[in-house]
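Asks: Got a sequence here, can you model it:
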Amino acid sequence: VQRPHSSSQGATIQSVATTRRRRRDHPAASTRPPRGVDAPAPRRRYGEVVDVRDHSNSPCFANYYDKSSAELKKLCLECFGKQLEQLLAREPDNERYIKKLKAEMRDVERIDVDKADAEAARAVKTYRADKD
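Replies: Sure, this is the predicted structure:
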């Protein structure tokens, strides 16, 4: 191990070590995983996260596949409405994202649910035919 030749180098090394200690002790470094997500146990690899939430109603393709287009459209509009409400409450001057959310809401409102259901049925039929 080489020793620093001047006191300024020693101070630099000490300040780096102190900075690292501060980062480790920072409150954000000790955040807990979200509710329903199991933190890695000692027998698991570092960084591995196990999702223990109930998947029978989780937002995934399999669960959305069973819903009708009208139900999905209603769900999307509710979500956009809540996002817009929260954005306006927290950042009323953020015109860029407000316009973007409103445009996406209009796009969803224009969806013809009967046509969307027919297209989905054709896509599934084609997929099953290609699969067999």
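Asks: what residue ranges in this structure score low on pLDDT?
Replies: 1-46 (pLDDT under 70).
Asks: Could you point out the helix or strand that follows the longest helix along it?
Replies: Determined from DSSP state H, the single longest helix within the chain is helix 69-90. For helix 69-90, the succeeding helix or strand toward the C-terminus, using DSSP states H and E, is helix 95-109.
Asks: Can you check what angle separates the longest helix of the chain from helix 95-109?
Replies: Helix 69-90 and helix 95-109 meet at an angle of 160 degrees, taking axes from the mean of the first three to the mean of the last three Cα atoms, to 10 degrees as the criterion.
Asks: check contacts around Asp112.
Replies: Asp112 makes no contacts at all, as judged by Cβ atoms under 8 Å, 6 or more residues apart in numbering. Where you see a C-beta, it was placed from the backbone N, CA and C, and this is true even at glycine.
Asks: picking that back up, pull the residues that contact the longest helix of the chain.
Replies: 64, 67, 94, 97-98, 101-102, 104-105, 108-109, 111, 113-114, 116-117, 120.
Asks: Nice, that's everything, thank you.
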